[in-house]
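> Turn this into a model:
(chains A and B)
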Amino acid sequence: MQYVIVGIGGQGILFSSRVLGHIALSKGESVMGSEVHGMAQRGGSVISHFKIGKYSSPLVKAKEADVLLAFDQNEAIRNLHFLKPGGKAIINVHAPEALENPNLKRFLEERSIELYPIKGYEILKEHMNGKFLFLNVLILGAMCGAGIGNVTLEEVKRAIEELAPPKYVEANLKVVDLGYGAMAK
Amino acid sequence: MGKKMIMLGNEAIARGIVEAGCEVACAYPGTPSSEILPAIAKWADELNTKTAVEWGANEKVAFEMAAAASFAGKRACAVMKQVGLNVAADPFMSVAHFQLKGGLLLVVADDPGPHSSQTEQDSRFFAMFAKVPCFDPSTAAEAKDMVFDAYDLSERHGIVTMLRPTVRVDHCRQDVELLDVVSLERKASFEKDVRRWVCLPAHVRINHPLLNQKNDAIREEFERDFSKYNYEVPAEEKATMGIIAGGISFAVVMDLLNSMGRKDISVLKIGTPYPLPTKLVDDFIAKHDKVLVLEETYPVIEMQINDKSKVLGRFNGWVPKAGELLPEIVEGVILRALGEEAALPPEEEYLKKALEELNITPRKPMLCPGCPHRASFFSIRQALPNGIYPSDIGCYTLGVNQKTVDAVIDMGASVTQASGLYLAHKVDGTERPIVATIGDSTFFHMGMPGLASAVYNKHAFVLAILDNSITAMTGGQSHPGIGEKLRKGEEGRKVDLEEAVRGCGVKWVKTVEAYDVNKNKELVKEAWEYAKENEEPAVLIFKHPCMLLRPEQDKIPVKVDQEKCIGCKFCINFFNCPGLVFDEEKKKAYIDERFCVQCGVCINVCPHGAILGSNGEEA
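Next up, the predicted model:
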């Protein structure tokens, strides 16, 4: 299983790969991932690679990722080439009309990629008083709701209970459910 | 099998350092190496060792502290990034000649790409330059193993050893096995021996031939006893090509051959690129018609190959000479070497067109919302718009977005460039305002020698020290100006920044609140007038805590009055905040509340008074 997680520095994307890693390790699987630190973290494009299973390198090659988790719509589009044919993407959208671009649609069709857009900012504004740092767990919840990524809602919740600072656990769990609910129709 | 834990490559290296019995660990932070030293402290506390763990003011300081601890018989390490070794090059080259006592490990993290550096230099060349053995790990787990061997080798030959992870090893997250600490039970025992510890030319004449002998002996050991790091992965079918790969490139190649389904390529992994186990390499080349060499970032292995007639590498243009060897790039190189050029997947043309049509480009890094540096740069630029602005290494390099950073070389060079620019004009009898910017940690790192020199030589410029009370870019490490030591509860003593500046001989020094942009604009002008008048540097310390420290401060909600905004983009071009953006369709600025932290500084920015506080206040 190979994931690519993309966003903008400061959005807290590293926590989502920690959650995925924690779950995989508890199942006895090998994990490997690559993170971005330093200059790039300052508001620039960031990308995190994550692989579960027998691999040597932490980097995901273009056209081989199973799942793309995108905290930002533009970063999502910039990194769609990482998805393999039949790959799936959870995308936090702020201007959904861009996804209607005909060339983009042709690319997605040719490669049989499925998009799962979620209006993350709207949801967090409505339910979490605009605390946008919860985007990472919202996206993990959405991934479970969409039934992709090979992890269950229970596994994600257990991992968050074990990894998040105690005073934020409750709020995190609430947001996971919001993400799940937004996707599971 | 010990317990396994997912950790960052840097945490794995740190764990190895503690498990191997290192008792003195020193570093200066720098991406991608920054997490190693704090992790050493964490593991040492967890494993109950007394290891001294300290930030040095710069890499030279850190390396020399570690080296001297080795003189006293302790296992020690110094940790830095590749450009940090440029700073520590002097002691590194010198100490390479010493017959050391305790094991001494230099961990130097390279940054191919580069992701967060001013060069893509390859520290393995530094190992070769200094004639010091080098380990080049392919994974986090291997990096941890190599620490033990590096210490063992260091003590058996009395030589400093280098572990050279690259960014993808440092920042890879992987499950790694935990071991117990090797108990060495050593007491510090520095024995006086001038021949051994004083680098007089007479001693170097004896030590250099000894160093050469050590190199020969280590090369033989790498050939003979290090098959765990230097080994062949034979092709399952008849090999059409061989690949020699080191470091992360080996890991990338192994995954690639697997996903490409190639069974006709054999691979020789080299984990000890200097001194190169030449015989192993020659034998491998002899078995193949052609051999591709993949390593990051310079041709260090390739250069040491005796007969290059079958080699495809950087010297003959088969491998890119700059940039990271990402899987897609390596795949292309392999296919080209096999004569099986691959085309871009056709559908990616559509994606490319979509990106163009939607005008999507990579997002450049910028200062965080609420960052005090943004306010400081704004004041400087507005005070002296025709100035020259040399700057330095740190978050504030991003002041380039506000057109207030004109030249950056390396740590500390803001001050020395200001001197050089002053002199260039002085010889012509002209002058231009010069405002240099440097951070607090960078000032202690290498700013002070330049400042003392400028006072001595009577150079007129303004030095703005942007004091956010942290080493911010690398993730928030302490430094002499803060006084807190790395370990919680371990107290240090604060070196007062203003006193340090006065100590360098500066007479005009003022500390100001960075957010007061209107007041500071006047002070920058005043500082420049003083500097010009008196032919000496004037120093302004802009103080305000880094936003990553999450300081408690007043929240001032702001909005852009859409009537008053004329769409001139002044705020975008000179303030450049993620929370203040421009709507290209409406031609108006607006507040992006996803990012705005309500610092309120931008109220003072709009020349048309269109940015208002929530209660309608304007500047």
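> quick one: residue B:33 from residue B:10, how far?
7 Å (C-beta to C-beta, to the nearest Å). All C-beta spots, glycine's among them, are computed from the backbone N, C-alpha and C.
> who does residue B:580 bridge with?
Assessed by DSSP bridges, residue B:580 has beta-bridge partners residue B:591.
> Report the contact partners of it.
B:560, B:571, B:572, B:589, B:590, B:591, B:592, B:596, B:602, B:611 (C-beta atoms under 8 Å, 6 or more residues apart in numbering or on different chains).
> Inside strands: which ones of those residues?
Among these, the members falling in strands (DSSP state E) are B:560, B:589, B:590, B:591, B:611.
> Select, from the residues you listed, the two members most distant in space.
B:590 and B:611 (10.2 Å; C-beta to C-beta).
> got a list of what the spatially most central residue of chain A touches?
Taking C-alpha atoms, centre = their mean, the centroid of chain A lies closest to residue A:69, which sits 2.8 Å from it. Going by C-beta under 8 Å, 6+ apart, residue A:69 touches A:3, A:4, A:5, A:6, A:13, A:16, A:89, A:90, A:139, A:140, A:143, A:149.
> next one: residue A:123
Neighbour list for residue A:123: A:138, A:178, A:179, A:182 [criterion: C-beta under 8 Å, 6+ apart].
> which residues are common contacts for residue B:33 and residue B:10?
With C-beta under 8 Å, 6+ apart, residue B:33 and residue B:10 have common neighbours B:109, B:170.
> What is the neighbour count of residue B:388?
Residue B:388 has 19 neighbours, counted by other C-beta atoms under 10 Å in any protein chain shown.
> Could you pull up the contacting residues of residue B:40?
Counted by C-beta under 8 Å, 6+ apart, residue B:40 has contacts B:14, B:17, B:18, B:22, B:25, B:51, B:53, B:77.
> make it 7 Å
Residue B:40 makes contact with B:14, B:17, B:18, B:25, B:51, B:53, according to C-beta atoms under 7 Å, 6 or more residues apart in numbering or on different chains.
> Mind checking if stretch B:250-259 is in reach of chain A?
Yes: Stretch B:250-259 lies within reach of chain A by C-beta under 7 Å from any C-beta of the partner chain, at B:251, B:252, B:254, B:255, B:256, B:259.
> nearest to residue B:234, of those?
Nearest to residue B:234 among those, with distances taken as C-beta to C-beta, is residue B:254, at 12.9 Å.
> and the gap between that closest one and residue A:2?
According to C-beta to C-beta, residue B:254 and residue A:2 sit 15 Å apart.
> Comparing the two, which residue is more hemmed in?
Just comparing residue B:254 and residue A:2: by other C-beta under 10 Å the higher neighbour count belongs to residue A:2, 24 against 19.
> what comes into contact with stretch B:235-246?
Against stretch B:235-246 from outside (C-beta under 7 Å, 6+ apart): B:136, B:253, B:263-271, B:273, B:281, B:284, B:287-288, B:290-295, B:301, B:337-338.
> Equivalent analysis for stretch B:325-339, please.
A:59, A:61-62, B:240-241, B:249, B:252-253, B:256, B:290, B:292, B:294, B:296, B:312, B:318-320, B:341-342.
> Show me which of the residues you listed are buried.
Buried members of the contacts of stretch B:325-339, counted by 16 or more other C-beta atoms under 10 Å in any protein chain shown: A:59, A:61-62, B:240-241, B:249, B:252-253, B:256, B:290, B:292, B:294, B:296, B:312, B:318-319.
> re the thing from before, and the contacts of residue A:123, which is the shakiest by pLDDT?
Among the contacts of residue A:123, residue A:182 carries the lowest pLDDT, at 94.
> for it, what are its contacts?
Per C-beta under 7 Å, 6+ apart, neighbours of residue A:182: A:118, A:123, A:142, A:145.
> ok but it is inside a strand, no?
No: using DSSP: H, G, I helix; E, B strand; the rest coil, the assignment for residue A:182 is helix, not a strand.
> quick one: it from chain B, how far?
Noted for residue A:182: a distance of 18 Å to chain B, by C-beta to the nearest C-beta, to the nearest Å.
> Quick one: check stretch A:4-21 for contact with chain B.
Yes: Stretch A:4-21 lies within reach of chain B by C-beta under 7 Å from any C-beta, at A:8, A:9, A:10, A:17, A:21.
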